[in-house]
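S.K.: Any chance you could fold what I've pasted below:
(one chain, ligands or ions: 1)
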Amino acid sequence: MRFFFPDSQDQVDPSFDFKTEQRSIYRVRQRDDRYAHELIQPPPYDGLLVSKPIVDGLPGSSGKYTGAQRNRLYREGAHRFFRLANGSSTLPVMGDCGAFTYVREHEPLYTVDEVIDFYDGCQFDIGIAPDHVVFGYDAALDKAPPQDVPEDWRFRQQLTVSLASDLLAAHRNRKCTFEPVAVAHGWSPESYAVSVQQLQEIGYRRIALGGMVPLKTPDILDSLKAVRRVLTPGTELHLLGVTRTAHVQEFARYGVTSFDSTSPFMQAFKDDKDNYYALDRTYVAIRVPQVDGNTKLRSMITAGAVDQQKARRLERTCLERLRKFDNERCTASDVIDAVCSYSALLGDTKDRSAVYAETLEARPWSSCTCQVCATIGVEVIIFRGADRNRRRGFHNLAVFASRLSRDLNAAPALNTGATRA
Ligand SMILES: [Zn+2]
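M.R.: Presented below is the predicted three-dimensional model:
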């Protein structure tokens with residue numbers, strides 16, 4: 001089971017000083033900043049997923065890459081650009097079209113040739129055919145007459161199959177070397193199975209199942225069961241955006257050999273509570289927003305709603321007490337008092353004192369052996385700025401890799417035999 005991590009250029013600066021919050025004046029972002037696979041050893045994922053909209057943008061808008069970064073990716077190829085060579089091995093890179101970014105459009109915004117130009121130009125190992133997400137799921141439609149299925153759903157499913165067919169033809173004509181992957185879309189178990197069957201007939205041996213992110217786990221499993229019945233020996237499945245490691249053994253039994261997801265990383269700073277992963281649970285990170293660099297806070301100070309000096313004093317107290325707590329020189333209550341006074345000043349009315357107490361009493365960072373926690377200690381649990389938040393995301397990726405390995409090896413009788421080292 002291979003886990004692909006979707007890249008969004010979320011690196012960290014190794015020169016960042018957590019006490020002074022200064023960086024090296026010699027820092028060159030592209031050269032010096034580090035990816036998760038450079039900071040965490042062994043790398044916490046088996047490959048990277050790179051989306052065309054993030055690199056190239058959509059027609060009329062630019063992507064997340066600067067023009068210079070984009071040029072360098074095309075010039076050097078993905079393996080050099082992402083510094084993926086790790087000793088004798090290198091992680092594979094998969095490209096896709098980021099179908100959710102154009103889900104509201106009538107058709108995908110890229111042509112098959114543009115997509116191949118991207119995959120070929122960046123020297124990806126695997127390329128996913130352009131697809132169009134079916135935005136809905138209703139298992140009851142399997143027992144209903146075909147005309148009950150919304151026309152737009154049928155249109156998107158068939159368009160995706162025909163784009164996959166076009167991509168395979170162009171792949172042959174252009175003598176491409178990346179491994180082509182098609183996407184199956186559906187609205188029910190049987191419709192996913194029909195799509196997979198058609199893609200196999202076209203010639204695909206690796207098929208990604210799309211549009212499953214919002215589905216409940218039983219619906220995903222039902223769809224996989226239906227797909228399993230039509231799967232020819234040797235065809236492998238990829239789950240797009242699905243992370244439920246508790247079911248990973250079951251997924252493997254149905255022919256899933258890979259998946260991708262950003263959630264272990266994103267939860268570090270996007271989630272309300274599941275910010276810091278441990279093997280069997282998650283913890284809330286302690287929020288100490290920056291007085292400088294926080295737009296909301298700056299406008300409150302300008303409007304006179306917050307006293308800047310008082311805010312700075314409280315901010316400093318929070319950070320000092322967290323470090324003292326780490327050295328057992330103050331109590332969890334001392335930290336919580338400071339953090340709650342600071343958040344009250346900032347107009348945050350949510351009472352997090354109980355969940356903060358859980359985090360502090362467990363001190364999960366002091367027992368974690370990942371490179372992030374071992375290096376920065378208590379700083380990892382502070383919800384504050386990209387340098388801490390992204391490192392916590394890297395830690396989560398490391399824990400996620402351990403969970404995945406544990407859940408895959410939890411019981412015997414895995415019929416794929418595919419496990420992580
Ligand atoms: Zn850690």
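S.K.: And the pLDDT for the closest residue to L221 other than its chain neighbours?
M.R.: Nearest non-adjacent residue to L221, counting by CB to CB, 6 or more residues apart in numbering: E250, 6.5 Å away. Quick note: C-beta positions are derived from backbone N, CA and C, even for glycine. Here the pLDDT value assigned to E250 is 95.
S.K.: and E250, what helix or strand is that in?
M.R.: helix 248-253 (DSSP states H and E).
S.K.: what does R298 give?
M.R.: Assigned by DSSP H and E, R298 falls within helix 295-302.
S.K.: Sort out which residues of the helix or strand just after that helix are buried, please.
M.R.: Using DSSP H and E, the helix or strand that follows helix 295-302 in sequence is helix 308-326. Under the neighbour-count criterion of 16 or more other CB atoms under 10 Å, helix 308-326 has A311, L314, E315, T317, C318, L319, R321, L322, R323, F325, D326 buried.
S.K.: elements contacting helix 308-326?
M.R.: On a contact count with 3 or more CB pairs under 8 Å, 6 or more residues apart in numbering; DSSP states H and E, helix 308-326 meets helix 295-302, helix 332-345.
S.K.: that older thread, determine which two of the buried residues of helix 308-326 are furthest apart.
M.R.: A311 and D326 (23.3 Å; CB to CB).
S.K.: circling back: which one among the buried residues of helix 308-326 gets closest to the ion?
M.R.: Nearest to the ion, judged by CB to the ion, of these is D326 at 14.1 Å.
S.K.: how near is the closest one to A374?
M.R.: Going from D326 to A374 by CB to CB, to the nearest Å gives 13 Å.
S.K.: Ok, K350 next?
M.R.: From K350 to A374 the distance is 31 Å (CB to CB).
S.K.: before we move on, the earlier item: compare the helices and strands packed on helix 308-326 and report which one is nearest to V93.
M.R.: Nearest of the helices and strands packed on helix 308-326 (CB to CB): helix 295-302, 34.5 Å.
S.K.: for the closest one, which positions count as buried?
M.R.: Under 16+ other CB under 10 Å, the buried positions of helix 295-302 are L297, M300, I301.
S.K.: Show the model's pLDDT score for the last one.
M.R.: Looking back up the chat, that one is I301. 88.
S.K.: Now do the closest residue to it other than its chain neighbours, the pLDDT please.
M.R.: Among residues not flanking I301 along the chain, Q308 sits closest, at 4.8 Å (CB to CB, 6+ apart). Per-residue confidence (pLDDT) for Q308: 90.
S.K.: Then L297?
M.R.: pLDDT, read off for L297, is 82.
S.K.: Now do it against the ion, distance only.
M.R.: Counting by CB to the ion, to the nearest Å, the separation of L297 from the ion is 28 Å.
S.K.: secondary structure class for M266?
M.R.: helix (DSSP: H, G, I helix; E, B strand; the rest coil).
S.K.: Just the CA trace of stretch 235-247, in PDB.
M.R.: What follows is stretch 235-247 as a C-alpha-only set of coordinates in PDB (Å, rounded to 0.1, in the frame of the first residue of the first chain):
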ATOM      1  CA  THR A 235      -5.400  -4.300 -12.300                       C
ATOM      2  CA  GLU A 236      -4.600  -2.000  -9.300                       C
ATOM      3  CA  LEU A 237      -6.700   0.600  -7.700                       C
ATOM      4  CA  HIS A 238      -5.800   4.000  -6.200                       C
ATOM      5  CA  LEU A 239      -8.100   5.900  -3.800                       C
ATOM      6  CA  LEU A 240      -8.100   9.600  -4.600                       C
ATOM      7  CA  GLY A 241      -8.100  11.700  -1.400                       C
ATOM      8  CA  VAL A 242      -9.200   8.900   1.000                       C
ATOM      9  CA  THR A 243      -7.200   8.300   4.200                       C
ATOM     10  CA  ARG A 244      -9.100   5.900   6.500                       C
ATOM     11  CA  THR A 245      -6.200   3.900   7.800                       C
ATOM     12  CA  ALA A 246      -8.400   1.800  10.100                       C
ATOM     13  CA  HIS A 247      -9.900   0.200   6.900                       C
END
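S.K.: wait, what's in contact with the residue in the stretch 1-150 of the chain that the ion sits nearest to?
M.R.: The ion sits closest to I40 of the stretch 1-150 of the chain, with a gap of 8.7 Å, by CB to the ion. The contact partners of I40, by CB atoms under 8 Å, 6 or more residues apart in numbering, come to C370, Q371, V372, F394, L397, A398.
S.K.: swap the cut-off to 7 Å and go again
M.R.: For I40, the contact set (CB atoms under 7 Å, 6 or more residues apart in numbering) comprises C370, Q371, F394, L397, A398.
S.K.: Ok, G98 next?
M.R.: Applying CB under 7 Å, 6+ apart, the residues contacting G98 are S51, K52, P53, I54.
S.K.: and R34, how far is that from F82?
M.R.: Taken as CB to CB, the span from R34 to F82 is 11 Å.
S.K.: Of these two, which one has the most company?
M.R.: Counted by other CB atoms under 10 Å, R34 and F82 do not tie: F82 has more neighbours, with 21 against 16.
S.K.: from what I can see that one touches G47, true?
M.R.: No - with contact defined as CB atoms under 7 Å, F82 and G47 do not form a contacting pair (10.3 Å).
S.K.: list residues touching both of those two?
M.R.: Listed contacts common to F82 and G47 are V93; contacts here mean CB under 7 Å, 6+ apart.
S.K.: returning to what we had before: how about the residue of the stretch 1-150 of the chain closest to the ion, nearest residue that isn't a chain neighbour?
M.R.: Spatial nearest neighbour of I40, chain neighbours left out: A398 (4.9 Å); criterion: CB to CB, 6+ apart.
S.K.: Any residue of the helix or strand containing the one you found touching the ion?
M.R.: Using DSSP H and E, A398 sits within helix 385-408. Yes - Helix 385-408 lies within reach of the ion by CB under 5 Å from the ion, at H395.
S.K.: Residues touching that helix, excluding its own?
M.R.: Applying CB under 7 Å, 6+ apart, the external contacts of helix 385-408 come out as 1, 3, 5, 10, 12-13, 16, 36, 39-40, 44-45, 245-246, 248-249, 264-265, 267-269, 275-279, 285, 290, 368, 370, 372-373, 376, 379-380, 382-383, 414, 419-420.
S.K.: Confirm T257 sits in a strand?
M.R.: Yes - secondary structure assignment places T257 in a strand (three-state DSSP).
S.K.: quick one: pLDDT of it?
M.R.: 97.
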